[in-house]
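Colleague: quick one: sequence plus predicted model below, questions after.
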Amino acid sequence: MDKKGKHTHILVIRLSAMGDVAMIVPVLRTLIEKYPGIQLTVLTKKPFTPIFEGLERVQVKVADVKNRHKGLMGLWRLYKELKPLKFDAVADLHNVLRSRVLKKYFALERIPFAQIDKARKDKKALTRPKNKVFEKLKTTHERYADVFAELGFPIDLATAKPLDRIQLSENVLGLVQQDTKKWVGIAPFAAHEGKMYPLDSTEEVIKQLNNTEKYKILLFGGGAKEEEVLEGLANRYQNVECMAGKLSLSEELQLISNLDVMLSMDSGNAHMAANYGIRVVTLWGVTHPYAGFYPFGQPMENALMADREAYPLIPTSVYGNKVPEGYDKAMSTIKTQEVLHKLMGVLES
């Protein structure tokens, strides 16, 4: 395919998870900048739509995989809905059973269809307990870019620009209230326990930041249980506000785009902040940046990792869902003073 962006319409498939979906943004932004004639439609789940709001010439088509687009018949229905949009190519950034079924449907019209190489073999070698190959793998962002290169649209991610800071709505301003303090976002949760800093350690970091009287600490999370924990933390400290459950994702992204720093686990919040060029400090437990999920454009020294000498099986998995016996304490090797020192260094630089 060699149209070089002259009125080319590409379907981009990435259905989940939030962090992986957010990681598409720097790639799409670079693509749009380089190829002015390109039009992109992202096929994803409805809750993730706001992630793409800051991108020109990018629209979202919602895949309702639980109902309308469930199963083979549902995917055929989805294909029939996509067909009138007249795609010139498909970039499958997910490469799962659903997208492979769609590939067969698009083959009926001979539409070029490129799929991400997930490098399962390399990731297995990196995470296995025996004969571990501890080497840095290609980043997910680079793997996404490779798919577009295969379709004839190579890009240089070194030229990627962050999304613009979003003006805060009245609702967000009413909750947060602007002042002279610097804003510190903290997202203490992750999909799996193996990626979460102990809550008592997180509270110690919050307490110390609160006591300086220099920062406003904004807590991010989702789900009733997380909201309860974060509300409890916010109630104990004067300069801490719980944002969980109070904002739509659109509003949350407004707020994230205005932070001075984000402290996050290896999770979606790190990627969403990085997309806006916000400086991100990440904490790593049984996962590791070598697997390719490091937030875009962030210096590696902003990653604080569990002690691999004490816990040599790290990374134990790509997603943090495998915690060998005794490894539940791995993250405790990241000292709270180390986290504070890193955050203060970023905030005062």
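Modeller: Here it is on my side, so go on. Everything numeric in this text was worked out from a predicted model, so none of it was measured. Numbering: from 1, shown residues only.
Colleague: how about E56, what does it touch?
Modeller: Contact analysis of E56 by CB atoms under 8 Å, 6 or more residues apart in numbering lists I32. For every residue, glycine as well, the C-beta is placed using N, CA and C.
Colleague: and V25, how many neighbours does it have?
Modeller: The number of residues packed near V25 is 26, by other CB atoms under 10 Å.
Colleague: wait, doesn't it sit right on P162?
Modeller: No: taking contacts as CB atoms under 8 Å, V25 lies outside contact range of P162: 9.1 Å.
Colleague: R128 and N95: what is the separation?
Modeller: Going from R128 to N95 by CB to CB, to the nearest Å gives 21 Å.
Colleague: where are the low-confidence patches of the protein?
Modeller: 1-6 (pLDDT under 70).
Colleague: one more time with 80
Modeller: Within the chain, the ranges that satisfy pLDDT under 80 run 1-7.
Colleague: please enumerate the helices of it.
Modeller: Ranges of helices in the chain, per DSSP state H, are 18-22, 25-34, 71-82, 97-107, 120-127, 140-150, 170-176, 199-211, 224-236, 249-256, 268-275, 336-348.
Colleague: tell me which of those helices is the most buried.
Modeller: Greatest average neighbour count among the helices of the chain goes to helix 268-275 (a mean of 28), per mean count of other CB atoms under 10 Å.
Colleague: now that helix and helix 249-256, what's the angle there?
Modeller: Here the directions of helix 268-275 and helix 249-256 differ by 60 degrees (axes from the mean of the first three to the mean of the last three CA atoms, to 10 degrees).
Colleague: wait, doesn't D156 sit right on T30?
Modeller: Yes: under the criterion of CB under 8 Å, D156 makes contact with T30 at 7.3 Å.
Colleague: returning to what we had before: in terms of neighbours, single out the busier of R128 and N95.
Modeller: Between R128 and N95, counting by other CB under 10 Å, N95 is the more crowded of the two (19 against 14).
Colleague: list the contacts for that one?
Modeller: Here N95 is in contact with Q115, I116, D117, K118 (CB under 8 Å, 6+ apart).
Colleague: can you report how many residues lie near the last one?
Modeller: The criterion is other CB under 10 Å. On that basis, K118 has 15 neighbouring residues.
Colleague: what's the answer for the first one, then?
Modeller: Neighbour count of Q115, defined by other CB under 10 Å: 18.
Colleague: relative to L28, how far out is it?
Modeller: 17 Å.
Colleague: and T8, by the same measure?
Modeller: Separation of T8 from L28 (CB to CB): 14 Å.
Colleague: and for K104?
Modeller: Distance from K104 to L28, by CB to CB: 25 Å.
Colleague: cool, M300 as well?
Modeller: Noted for M300: a distance of 24 Å to L28, by CB to CB.
Colleague: still on that earlier bit, ok, of the contacts of N95, which one's closest to L15?
Modeller: Distance to L15, by CB to CB, is smallest for I116 among those, at 12.5 Å.
Colleague: ok, that closest one - contacts?
Modeller: Contacts of I116 by CB under 8 Å, 6+ apart are D92, L93, H94, N95, R143, Y144, D146, V147.
Colleague: same deal with G74?
Modeller: G74 neighbours (CB under 8 Å, 6+ apart): V65, N67, R68.
Colleague: what is the neighbour count of the second one?
Modeller: Other residues within reach of N67, judged by other CB under 10 Å, total 7.
Colleague: same deal with the first one?
Modeller: Residue crowding around V65 was assessed by other CB under 10 Å; the count is 16.
Colleague: hmm, it is touching K45, no?
Modeller: Yes: the pair V65 and K45 passes the contact test of CB under 8 Å, sitting 7.2 Å apart.
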